[in-house]
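Student: Sequence and predicted structure, then a few things I'm wondering about:
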Amino acid sequence: GCAETSPSVVFENIEKCSPNCLRLLLENISGLTVDEDFTVEVIPEINAAVATFIKSIDTEEFVKKCLQHKRIREFKMTARVLELTQSIKAENLPDSLSPDYLTVYFESVRNGGGPVSDVQLFPEENSAIIAFCDPKGNT
């Protein structure tokens, strides 16, 4: 079945907090271990980071804890659960990728994926549209 809430939390306005500082801060708040229980992807172009939990946690509760945390408030960061999406576009794909490989890749929990319902390849654009299960459990 598909998960109801996203395992990912978006942090915005992170410019005052280095990536290593953010990782430590999230470990302190969650009580979990970076790389083992969650991953952090920094997106400097939009001054944000995404923490994706490998270990199952209540992300809404985690966001509440973050927003009340002294350091998060000092850094003037915001935190919110990443909205679930039903499809994504993958670009710049190698020519040889099969729909089966993409399905397995995007279903990997380690990559922040989930159950895939459909993969459409667009070889002329080296892209694909990957559709996921509906967040409510319907495909």
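Tutor: Received it, and whenever you're ready, just let me know what you need.
Student: how about the strands in this protein?
Tutor: Taking DSSP state E as the test, the strands found in the chain are 8-12, 38-43, 48-53, 78-81, 87-90, 116-122, 127-132.
Student: which one of these lies closest to S98?
Tutor: Checking these against S98 by C-beta to C-beta gives strand 116-122 as the closest, at 8.3 Å. The C-beta positions use only the backbone N, C-alpha and C, and glycine is treated the same way.
Student: pLDDT of the closest one, averaged?
Tutor: The average pLDDT within strand 116-122 is 93.
Student: Show me which helix runs longest in the protein.
Tutor: Ranked by residue count and defined by DSSP state H, the top helix of the chain is helix 19-30.
Student: Which neighbouring elements make contact with the helix or strand bottoming out on mean pLDDT in the chain?
Tutor: Least confident helix or strand of the chain, by mean pLDDT, DSSP states H and E, is strand 87-90 with a mean of 88. Applying 3 or more C-beta pairs under 8 Å, 6 or more residues apart in numbering; DSSP states H and E, one finds that strand 87-90 makes contact with strand 127-132.
Student: Give me the helices and strands touching the strand it packs on, please.
Tutor: By 3+ C-beta pairs under 8 Å, 6+ apart, strand 127-132 packs against strand 87-90, helix 99-107, strand 116-122.
Student: Report the strands that pair with it, each with its relative direction.
Tutor: With DSSP bridges as the test, strand 127-132 is paired with strand 87-90 (antiparallel), strand 116-122 (antiparallel).
Student: Dump the strands of the chain to TSV, plus distance to Y105 and mean neighbour count.
Tutor: Below are the strands of the chain laid out as TSV (distance: least, C-beta to C-beta, whole Å; neighbours: other C-beta atoms under 10 Å):
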stretch	distance to Y105	mean neighbour count
strand 8-12	17	20
strand 38-43	15	16
strand 48-53	15	20
strand 78-81	23	17
strand 87-90	9	14
strand 116-122	9	16
strand 127-132	9	18
